[in-house]
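Novice: return a 3D structure for these sequence lines:
(one chain, ligands or ions: 1)
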Amino acid sequence: MTAQSESDRTGVTEVTSVTQMECTPTVFERAQAHKPCPFGSGGTCCRACFMGPCRVVEGRKGRDVGVCGASAASIAAKNFSRMTAAGTSAHSDHGREVTQLFLATARGEAPGYEIRDERKLRMLARILGIEGNDTTDLAIKVGEQLLADFGRQEGEISFIRRAPVKRQEKWRQWGVTPRGVDREVVEMMHRTSVGVDQDHKNLILQASRTALADGWGGSMIATELQDILFGTPIPLRAKVNLGVLREDQVNLVIHGHEPALPELIVQAARDEELLALARANGATGINIAGICCTATEILMRHGIPVAGSFLQQELAIMTGAVDLMAVDVQCVMPSLPTVAQCFHTEIITTSEKAKIPGATHMVFHHENAPELAKQVIRRAIENFTNRGPVDIPKGTIDLIAGFSHETINYMLGGQFRSSYRPLNDAVTDGRIRGVVGVVGCNNPKINSGYVHTTLMRELIAHDVLVLTTGCAATAAAKDELLVPEAAEIAGSGLREICQAVGIPPILHMGSCVDNSRILIAATQMVLEGGLGDDLSEVPVAGAAPEWMSEKAVSIGQYFVASGVLVGFGVGFPTMGSEVVTDYLFEGIEEHAGGKWFCEPDPLEMARILIEQLDKKRAALKLKEVMYA
Ligand code: NFS
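Specialist: Okay, the predicted model is just below:
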């Protein structure tokens, strides 16, 4: 296996050269055309009122405060906090949608949906202290309690109790235990409006509380209820790359984040009547493929092929082979209808919350889901006959996905004694150095793809078990890192375990809301015993080396606030204020147990992460890593 030399852009150049220049630029050209404003990227441009915008320079007399007197530290902390609030709201609004669908399903008001994982439902009911036997009754009570977590005004959100006890106490002492998801976001927006909270540490405190409402609230609720509704993932083999698009079939690409409608589209694609219609239109079948996190959702549960990640959404259309792209919310480029105009692709927006000029709007509701799923497929079939020249890059790559926390438990521990004991033992005796989550987006500012995979290759070579989600996982898959054979390039300790169990050294755990699975996996390591009493003591760390989204800021902040070291590549959004950056990179550790760092070079980032794992190992007096 050779190191990946391609960026995310290459491999599709033959596609982009066909019509791109005459038609419309892609994200790659637009990224080159824009020069980021240093105030904006450093976090010291304030747009909280209309006396400005104020562009502030820390330490430069006359420019060091905004019109209202706000310092660079205050502005940078406010901007960072607002990013956290935006990220939290994205994951949590998704979580709310899932909860409402879950409740509607339990009440028999959502045709086409059912409770698939009863075991998980009962497990959640136990955690929530809900008693009873009747499945419907339990589901309604679980749904109602979790829905209440969004609007709760006092107390603590439910899943806080899943964290190690020591962690819960630290949160209470620091004052960051989230009361309700919506409450924390509203308070964050209030505190960052003009003339309210000006103390960067106090702002970051509320940003932490908001982010925790994401990780242990909105995101975790989304993951758990999606598992109950659509099935908890188990490992399966699938394919990735634009090559998964089929010249001879109707290609329907699903893009966005919420799996509710995609689940039914996947089912409806097997409908005999629709298949017959496809054949009548000259296609040999209906091919569903995914982009972004929706891709990972339907990949994890059904093995649906992944066309690409965030940066490939326009390129998929440029193959000329996408008959319809159905999008809902988040990470959907507004350029899609413009790109689609140059081809025959129809773009359909399906969420009430997101319309795009130039796209067809067909709104999804619980009641109309099965019929809408069929309508969407029908339109794709009808559009198949409008195709012009098609140019699909050749080749697909195999990957294994579907590693939920439950599967890790089972695969490592065995069917009859599911547990994290073998993982903890491997960490204790040094065959596995520790666990690092490599997650997040791709970013056209950098050599996208290369950064993710270089970091991951370096980590596994040093016996670090890597957990991955979202677009980072797709980058790994494209570099052939999500197959058991990738263990060949792992350090000998990790390799031995992967080969014995038959797993890749990098485990695909799902979409970005599924980073909550990583929180639970790390918590299980604590609860299993022998690796400390708190998340801040276990040899785990996290990184988003190609981040771009506000959601990544929120995810990073909930890991930091949960006691974990987190690295960003590309750049860090508070660099315009040393005061705030120093606090996030150092001072916050005193309260959080975790902290941030920023390192664009993937090899150097790997070194920092490995050093962190070794520091945690030394504190636990674990054996030195013998194998790597
Ligand atoms: Ni995550 Fe999913 Fe991808 Fe980044 Fe966007 S798709 S929620 S934000 S770009 S990983």
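Novice: show me what contacts the residue most central in space within the chain?
Specialist: Geometric centre of the chain, nearest residue: Cys512, 1.4 Å, by Cα atoms, centre = their mean. Residues in contact with Cys512 (Cβ atoms under 8 Å, 6 or more residues apart in numbering) are 91, 219, 257, 293, 439-440, 469-470, 551, 555. C-beta: built from backbone N, CA, C; applies to glycine.
Novice: just the ones in helices from these, please.
Specialist: Those of those mapping onto helices are 91, 219, 293, 470, 551, 555, per DSSP state H.
Novice: in CSV, list these along with pLDDT, distance to Leu613 and neighbour count.
Specialist: Formatted as CSV, the ones in helices among the contacts of Cys512 follow (pLDDT from 0 to 100; distance: Cβ to Cβ, whole Å; neighbours: other Cβ atoms under 10 Å):
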residue, pLDDT, distance to Leu613, neighbour count
His91, 98, 27, 32
Ser219, 98, 24, 32
Cys293, 96, 28, 28
Gly470, 97, 22, 33
Lys551, 98, 25, 31
Ile555, 98, 20, 33
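Novice: adding distance to the ligand as columns, could you present these in a markdown table?
Specialist: Below are these laid out as a markdown table (distance: Cβ to the nearest ligand atom, whole Å):
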| residue | distance to the ligand |
| --- | --- |
| His91 | 8 |
| Ser219 | 10 |
| Cys293 | 3 |
| Gly470 | 3 |
| Lys551 | 5 |
| Ile555 | 8 |
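Novice: tell me the one of those nearest Leu311?
Specialist: Within the ones in helices among the contacts of Cys512, the smallest distance to Leu311 is 12.5 Å, found for Gly470 (Cβ to Cβ).
Novice: and for the closest one, nearest residue in space, chain neighbours not counted?
Specialist: Cys512 (4.2 Å; Cβ to Cβ, 6 or more residues apart in numbering).
Novice: give me the distance between the one you found and Asp117.
Specialist: 21 Å (Cβ to Cβ, to the nearest Å).
Novice: please apply the same query to Gly42.
Specialist: Distance from Gly42 to Asp117, by Cβ to Cβ: 45 Å.
Novice: neighbour count for the two, which is higher?
Specialist: For Gly42 versus Asp117, the count of surrounding residues by other Cβ atoms under 10 Å is larger for Gly42: 25 against 19.
Novice: nearest residue to that one other than its sequence neighbours?
Specialist: Per Cβ to Cβ, 6+ apart, closest to Gly42 is Gly576, 2.6 Å.
Novice: could you do Pro53 as well?
Specialist: Arg47 (4.7 Å).
Novice: pretty sure Ser536 belongs to a helix, no?
Specialist: No: remark: Ser536 does not belong to a helix; assigned using DSSP: H, G, I helix; E, B strand; the rest coil, it is coil.
Novice: what's the mean pLDDT across stretch 160-173?
Specialist: For stretch 160-173, mean pLDDT is 98.
Novice: report the buried residues of that stretch.
Specialist: Neighbour-count burial for stretch 160-173 flags 160, 162-164, 166-168, 170-171 (criterion: 16 or more other Cβ atoms under 10 Å).
Novice: picking that back up, just the pLDDT for the residue nearest to the centre of the chain.
Specialist: Cys512 is given a pLDDT of 97.
Novice: then Gly11?
Specialist: So, for Gly11, pLDDT stands at 40.
Novice: try the one 5 residues further on
Specialist: According to the predicted model, the pLDDT of Thr16 comes to 47.
Novice: chain neighbours aside, what residue packs nearest to Thr474?
Specialist: Ser309 (3.9 Å).
Novice: scratch that, Gly388 is what I was asking about
Specialist: In space, Gly388 is closest to Gly320, 5.7 Å off (Cβ to Cβ, 6+ apart).
Novice: kindly report the same for His302.
Specialist: Using Cβ to Cβ, 6+ apart, the nearest residue to His302 is Val266, at 5.4 Å.
Novice: for that neighbour, helix, strand, or coil?
Specialist: helix.
Novice: what's the distance between it and the ligand?
Specialist: 18 Å (Cβ to the nearest ligand atom, to the nearest Å).
Novice: ditto for Ile356
Specialist: Taken as Cβ to the nearest ligand atom, the span from Ile356 to the ligand is 16 Å.
Novice: need the contact list for Ser418.
Specialist: With Cβ under 8 Å, 6+ apart, Ser418 has these contacts: 406, 409-410.
Novice: Glu382: which of these is nearest?
Specialist: For the contacts of Ser418, the nearest to Glu382 is Glu406 (40.9 Å; Cβ to Cβ).
Novice: that closest one is in contact with Pro235, isn't it?
Specialist: No: the pair Glu406 / Pro235 is not scored as a contact, 11.2 Å apart, by Cβ atoms under 8 Å.
Novice: re the thing from before, contacts only, for the residue nearest to His302.
Specialist: Val266 neighbours (Cβ under 8 Å, 6+ apart): 288, 298, 302, 304.
Novice: next: Asp614.
Specialist: With the criterion set at Cβ under 8 Å, 6+ apart, Asp614 makes contact with 433, 539, 625.
Novice: ok so it is a strand residue?
Specialist: No: if the criterion is three-state DSSP, then Asp614 is helix and not within a strand.
Novice: and the pLDDT at it?
Specialist: Confidence score, pLDDT, at Asp614: 97.
Novice: now the one 4 residues further on
Specialist: Among the per-residue scores, Ala618 shows a pLDDT of 96.
Novice: spit out the contact partners of it.
Specialist: Contacts of Ala618 (Cβ under 8 Å, 6+ apart): none.
Novice: which SS class is it?
Specialist: Classified using three-state DSSP, Ala618 is helix.
Novice: can you check Thr296 too?
Specialist: Classified using three-state DSSP, Thr296 is helix.
Novice: quick check, it in contact with Ala472.
Specialist: No: in terms of Cβ under 8 Å, Thr296 does not count as a neighbour of Ala472; the distance is 10.2 Å.
Novice: quick revisit: from the ligand, how far out is the residue nearest to Gly388?
Specialist: Gly320 is 24 Å from the ligand, by Cβ to the nearest ligand atom.
Novice: hmm, that residue is touching Asn386, no?
Specialist: No: the criterion here is Cβ under 8 Å, and Gly320 misses it with Asn386 at 10.6 Å.
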